[in-house]
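Novice: Return atomic coordinates for the entry below.
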Amino acid sequence: MGVLIAFLVIVVVVCGAIFWRMHVRSGQRVVIGNRTKSKMEPYLFILPVFVLLLVMFGYPLINSFIMAFQDYKLTGSGKAAFNGIENFKKLFDDTDTFMIVKNTLIYVLISVAGQFLLGMVLAMALKKQFRGRGLYQSIVFLPWAFSGFVIGLMFRWSFNGEYGVVNDILLNLGIIKEAIAWLGTPGVSLAVIIMAMIWMGIPFFAIMILAALQSIPADVYEAADVDGCGAIRKYFQITLPYIKPTIITTILLRTIWIFNSFDLVVIITNGGPANTSQTLPAYMYSKAFGTYDFGFAAAIGVLLMVVLGIFAVIFLRATNYNKAGDF
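Specialist: This next block holds a predicted model:
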């Protein structure tokens with residue numbers, strides 16, 4: 001309760017500062033009348049959304065940060081008590097932590113790379129006009145309309161070792177001689193989750209890259225044809241530089257989304273067998289709603305937030321995003 005009151009006080013102070021900023025600029029009071037109204041309008045429009053974001057996201061974020069330093073268990077008999085960095089020590093002392101971190105990196109890197117490459121190929125193919133292009137687009141973009149829960153169930157049923165359709169097809173084709181326990185074999189179970197994530201995320205890259213490709217002026221390619229540029233040279237010297245801002249943004253966003261996603265892992269394998277397909281977000285979910293250790297789960301969440309924040313800064317600087325698209 002004290003945290004909520006303190007947060008509401010912060011919200012009031014921030015809103016008051018914004019309101020004061022609307023009336024006073026550079027030590028001079030703004031003239032009352034139509035001029036004041038015109039200056040206040042933009043702030044008044046964004047103020048409700050700003051307050052809503054602070055209440056809906058700011059308070060849970062602050063509360064989660066506080067819980068990360070508490071012994072906060074719903075199964076405990078007493079109130080949450082401050083325990084310093086014990087939750088973080090518990091995380092790094094866990095024998096499965098290194099394997100889970102490795103699984104997370106493999107999961108994110110392969111998924112993002114697969115989605116980007118296949119999405120780029122799909123966008124390049126859809127850029128040209130051909131018969132049935134609209135119908136083909138609606139079909140290939142369909143996975144983006146499905147929820148992670150539905151896609152997780154589809155892959156869980158398809159790769160079931162006993163009655164899954166994948167084993168049935170491979171057996172009928174003679175590719176395998178006996179059924180494979182896809183979801184019960186270490187290493188293979190993680191590969192199934194990666195395939196599901198790649199299949200789900202291809203349309204996102206395809207839509208974004210296709211929009212960027214269609215924004216490239218046609219006269220640039222015409223000038224390149226006059227100069228005798230081949231297809232490969234045009235791709236690397238015209239296409240890629242023009243769509244570089246879109247590529248950087250989509251890769252960054254998709255990396256953060258995949259890193260934070262846990263639905264496919266929980267639904268398809270639930271981290272099994274023996275945490276060999278577990279990822280950090282899924283591990284956090286299992287600790288929060290499996291063992292009700294919210295303090296430990298909050299510590300994982302804070303660690304994820306810090307890692308992703310550092311990654312975003314390094315990625316944007318390494319890719320020179322502020323200079324992308326300059327010619």
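Novice: got a list of contacts for the helix or strand hosting residue 265?
Specialist: Assigned by DSSP states H and E, residue 265 falls within helix 263-268. Helix 263-268 is contacted from outside by 148-149, 151-153, 155-156, 159, 183, 189, 192-193, 196-197, 200, 271, 277-279, 281-282, 285-286, using C-beta atoms under 8 Å, 6 or more residues apart in numbering. C-beta: built from backbone N, CA, C; applies to glycine.
Novice: Which residues belonging to that helix are considered buried?
Specialist: By neighbour count on 16 or more other C-beta atoms under 10 Å, the buried set for helix 263-268 is 264, 265, 266, 267, 268.
Novice: Check stretch 72-88 too.
Specialist: 72, 80, 86, 87, 88.
Novice: Give me the below-cutoff pLDDT ranges for the stretch 151-300 of the chain.
Specialist: Within the stretch 151-300 of the chain, no range satisfies pLDDT under 70.
Novice: can you pull out the helices in it?
Specialist: Counting by DSSP state H, counting those that start in this stretch, one finds helices in the stretch 151-300 of the chain at the ranges 165-173, 188-214, 218-226, 231-234, 240-260, 263-268, 280-289, 294-318.
Novice: So which elements touch the third one?
Specialist: With contacts defined as 3 or more C-beta pairs under 8 Å, 6 or more residues apart in numbering; DSSP states H and E, the packing partners of helix 218-226 are helix 231-234.
Novice: Would you mind writing the CA trace of the helix it packs on as PDB?
Specialist: The C-alpha coordinates for helix 231-234 follow below in PDB (Å, rounded to 0.1, in the frame of the first residue of the first chain):
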ATOM      1  CA  ALA A 231      20.800  -7.600 -59.800                       C
ATOM      2  CA  ILE A 232      23.200  -8.500 -57.100                       C
ATOM      3  CA  ARG A 233      24.900  -5.000 -57.200                       C
ATOM      4  CA  LYS A 234      21.500  -3.300 -57.100                       C
END
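Novice: I'd assumed residue 240 was in contact with residue 213.
Specialist: No: contact criterion C-beta atoms under 8 Å: residue 213 and residue 240 do not qualify, at 10.6 Å.
Novice: Comparing these two, which shows the higher neighbour count?
Specialist: More neighbours surround residue 213 than the other of residue 213 and residue 240, with 17 against 12 (other C-beta atoms under 10 Å).
Novice: which residues sit in contact with that one?
Specialist: Neighbour list for residue 213: 123, 124, 127, 239, 243 [criterion: C-beta under 8 Å, 6+ apart].
Novice: change it to 7 Å
Specialist: 123, 127, 243 (C-beta atoms under 7 Å, 6 or more residues apart in numbering).
Novice: Of those residues, which is the nearest to residue 168?
Specialist: For these, the closest approach to residue 168 (C-beta to C-beta) belongs to residue 123, at 33.4 Å.
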